[in-house]
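[1] quick one, fold the following:
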Amino acid sequence: MKFRLVDRILDWEPRSRIRGVKAVSFEEYSLRDPLGDGGRLPESLLLESLFQLGNWLVVLSSDFRSMGLVIRLGRAEFLEAAGPGTRLELDVTVRSWRDDGILFDGRARARGRTIAAGEGCLAVPAPLEGYEDPVGLRTLFGEIHRPLEAAP
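    Next up, the predicted model:
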């Protein structure tokens, strides 16, 4: 697993919430072209951005010892498309945090409007070392954590 669909982490509160940014690149939006639906980020990548931001919260809240494995999503809604160059503001909030599972909700906004939302994402904690290098993730976090920066 690579945490590459979150460009910036703006702020976070352990076991509570996290806020980040995803900039839609020209490579990502072109993935819809073969389907005759060009000019927008595929919904699966938008949802994956929210999953990855929630996973960052698990990693950060555990001091890089655990990560979350998504096992269920209650509901996802896509209201508008995100085209190339769109700056997505991502918010993930925790509904419930237990040792055997973490329940999240997430929203993606662009230009001040909600364009996608997910509710009831259930992730189970797993040891981070079994999936990812904790030292490498600490380095990546140092590169993408920009609490005073508004844009990627």
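[2] report the contact partners of Leu69.
    Ala123, Val124, Pro125, Ala126 (CB atoms under 8 Å, 6 or more residues apart in numbering). For the C-beta atoms, the positions are set from N, CA and C on the backbone; glycine is no exception.
[3] again, 7 Å this time
    Ala123, Val124, Ala126 (CB atoms under 7 Å, 6 or more residues apart in numbering).
[4] below-threshold pLDDT in the protein: ranges please.
    For the chain, the stretches with pLDDT under 70 are 1-3, 28-38, 148-152.
[5] which parts of it are strands?
    Assigned by DSSP state E, the strands in the chain fall at 8-13, 17-23, 66-78, 87-98, 101-110, 113-127.
[6] which one of the contacts of Leu69 has the most neighbours?
    The most crowded member of those, judged by other CB atoms under 10 Å, is Ala123 (21 neighbours).
[7] name the nearest residue to that residue, sequence neighbours excluded.
    Residue nearest to Ala123 in three dimensions, not counting chain neighbours: Gly68, with 3.2 Å by CB to CB, 6 or more residues apart in numbering.
[8] Leu45: which of the strands of the chain is closest?
    With CB to CB, the closest approach to Leu45 among those belongs to strand 17-23: 8.8 Å.
[9] got the strands of the chain as JSON lines, with distance to Glu48 columns?
    Putting the strands of the chain into JSON lines (distance: least, CB to CB, whole Å) gives the following:
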{"stretch": "strand 8-13", "distance to Glu48": "16"}
{"stretch": "strand 17-23", "distance to Glu48": "10"}
{"stretch": "strand 66-78", "distance to Glu48": "10"}
{"stretch": "strand 87-98", "distance to Glu48": "11"}
{"stretch": "strand 101-110", "distance to Glu48": "11"}
{"stretch": "strand 113-127", "distance to Glu48": "11"}
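[10] for Phe141, which of those is the nearest?
    Evaluated over the strands of the chain, closeness to Phe141 peaks at strand 8-13, with 7.1 Å, by CB to CB.
[11] list the contacts for the closest residue to Asp99 other than its chain neighbours?
    Counting by CB to CB, 6+ apart, Pro125 is the residue found nearest to Asp99 once chain neighbours are left out, at 7.1 Å. Taking CB under 7 Å, 6+ apart, we find Pro125 in contact with Val58, Ser66, Gly68, Ile102.
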